[in-house]
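*Asks:* Curious how this folds, go ahead:
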Amino acid sequence: MRAMLFDRFGGPEVLREADIEVPKPGPGQLRVRVEAAGLNALDGKIRSGALETVFPTPLPAVPGGELAGVVDALGEGVQDVHVGDEVLGWSDTGSYAEYALATTVAPKPPGLDWQHAAALPVAGETAERVLNLLGVSAGETVLMHGAAGAVGTLAVQLATARGARVIGTAGPTNQDYLASLGATATRYGEGLVERVRALAPEGVDAVFDLAGKGALEDSITLRGGTERIVTIADFRAHQLGITFANGPQRRSSARLAALAQDAATGKVVTTVTAYPLARAATAQQVSDAGHVRGKLVLTVD
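*Replies:* Model prediction:
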C-alpha cells in the first residue's frame with residue numbers, strides 16, 4: 001500500500017512516499033481503508049524528534065493518529081462493526097496511508113463527509129477532556145489561548161453549549177472566526193492581561209491554553225494563582241505548577257458517535273483545510289508554523 005513515512009528525524013522534508021505492506025488486524029482490531037487522515041501538531045513534534053523521550057518512535061514510522069474510512073477487515077473478537085461500515089476513530093498504526101488498523105471507532109453519519117469526520121476524534125476528545133478537568137460549568141468565564149485551531153474550534157463550542165462564556169485569543173485574521181463560533185475574541189500578545197480584564201472585570205474562572213506560546217504567566221496573573229489552568233501545549237507547565245493534559249486517557253466510541261452526529265446536523269461546526277496524501281510534508285510544514293484555522297486533513301485517493 002501507499003504510505004507517507006519518515007526514517008530519520010528532522011523537518012517536514014524527511015517525510016517521503018513509500019510502498020509498504022498492508023497491516024493485518026490482530027485480536028480486537030479492525031482494518032480501515034483510509035479516506036481521510038487527521039493531521040495534528042503532535043505529528044510534527046514526533047517527526048522532529050523533539051518528543052523522543054516522551055514518545056519513543058521506532059523508525060521507519062508512518063505518522064497519524066486519527067482516520068475516517070471504510071472497514072476492510074476484522075480481527076478476532078471484533079463485535080458491532082462489519083466490513084463495509086463507514087467509520088471514524090483513532091488509528092493504532094499511522095493513518096497517513098491507504099490502510100490503517102484501529103481499535104476504537106464510531107459510525108460515520110451519512111451527512112458527514114470524510115474530511116470533516118477525520119477532524120473530530122483527537123480534537124473532540126481533547127477538548128472535552130480538558131473542559132472536564134477544568135470543571136467548566138454554566139455561568140463561568142473561560143479564557144482559551146490559541147482558540148482558532150482544531151481543538152479550540154470544538155472547545156469553544158462545547159464550552160458555550162455548557163452555558164459558559166468563552167474569551168478566545170487568536171491573531172488578527174481569526175477574530176471574526178472565533179466570534180462566529182460563539183467566543184468573545186481578543187488578540188494574544190502584549191497587553192493581554194489588560195484586554196482580558198476589560199472584557200471580564202469580575203475575572204476568569206478557568207484557563208485552557210492551546211497555544212503553548214508563553215501565555216501561562218499571564219494566565220496565572222489573571223487567575224491569581226495556578227488553580228484551574230490547564231495547558232496541552234506548554235511543556236513548562238510543571239515548572240510553574242500548572243496541569244499539563246497528556247494524551248487521551250480513555251477513548252469513547254459513544255462520545256465520538258454523538259459528536260459526529262452533532263457535526264452531521266450542523267449543531268457543531270468543523271473547519272478543515274485538506275491536502276492530498278502525497279503533500280503530507282507541505283501540510284506538516286503549515287502545521288509546524290502554527291496559526292492554523294481549524295483542522296488540517298489529508299485525503300487518500
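
*Asks:* Please, where are all the strands along the stretch 1-150 of the chain?
*Replies:* For the stretch 1-150 of the chain, strands defined by DSSP state E, counting those that start in this stretch occupy the ranges 2-5, 16-19, 30-39, 66-74, 86-91, 99-107, 141-145.

*Asks:* For Val122, find the nearest of these.
*Replies:* For the strands of the stretch 1-150 of the chain, proximity to Val122 was assessed by Cβ to Cβ; strand 66-74 is nearest, at 4.9 Å. Every C-beta, even on glycine, is put in place using the N, C-alpha and C of the backbone.

*Asks:* other SSEs contacting the closest one?
*Replies:* Contact here means 3 or more Cβ pairs under 8 Å, 6 or more residues apart in numbering; DSSP states H and E; on that basis strand 66-74 packs against strand 30-39, strand 86-91, strand 99-107, helix 114-118, helix 121-134.

*Asks:* follow-up on the earlier one: between the strands of the stretch 1-150 of the chain, which one is nearest to Gln115?
*Replies:* Distance to Gln115, taken as Cβ to Cβ, is lowest for strand 30-39 among the strands of the stretch 1-150 of the chain, at 5.0 Å.

*Asks:* Show me what the closest one packs onto, helices and strands only.
*Replies:* For strand 30-39, the packing partners by 3+ Cβ pairs under 8 Å, 6+ apart come out as strand 66-74, strand 86-91, strand 99-107, helix 114-118, helix 121-134, helix 280-289, strand 295-299.

*Asks:* so what strands line up beside that strand?
*Replies:* Counting by DSSP bridges, the strands paired with strand 30-39 are strand 66-74 (antiparallel), strand 99-107 (antiparallel), strand 295-299 (antiparallel).

*Asks:* can you give me the angle the shortest one makes with helix 280-289?
*Replies:* When you say that, I think you mean strand 295-299. In terms of direction (axes from the mean of the first three to the mean of the last three Cα atoms, to 10 degrees), strand 295-299 departs from helix 280-289 by 170 degrees.

*Asks:* Show residues contacting strand 295-299.
*Replies:* Identification of contacts with strand 295-299 by Cβ atoms under 8 Å, 6 or more residues apart in numbering yields 4, 35-39, 64, 96, 114-115, 118-119, 123, 149-150, 153, 270-277, 279-280, 283, 286-287.

*Asks:* List only buried entries from those.
*Replies:* Among the contacts of strand 295-299, those buried by neighbour count (16 or more other Cβ atoms under 10 Å) are 4, 35-39, 64, 96, 114-115, 118-119, 123, 149-150, 153, 270-272, 274-275, 277, 279-280, 283, 286-287.

*Asks:* and Lys45, which of the strands paired with strand 30-39 is closest to it?
*Replies:* Evaluated over these, closeness to Lys45 peaks at strand 295-299, with 14.4 Å, by Cβ to Cβ.

*Asks:* Other residues contacting the helix or strand encompassing Ala264?
*Replies:* If you go by DSSP states H and E, Ala264 is part of helix 253-265. Helix 253-265 has contacts (Cβ under 8 Å, 6+ apart) with 88-89, 104-112, 116-117, 120-121, 124-125, 128, 154, 268-270.
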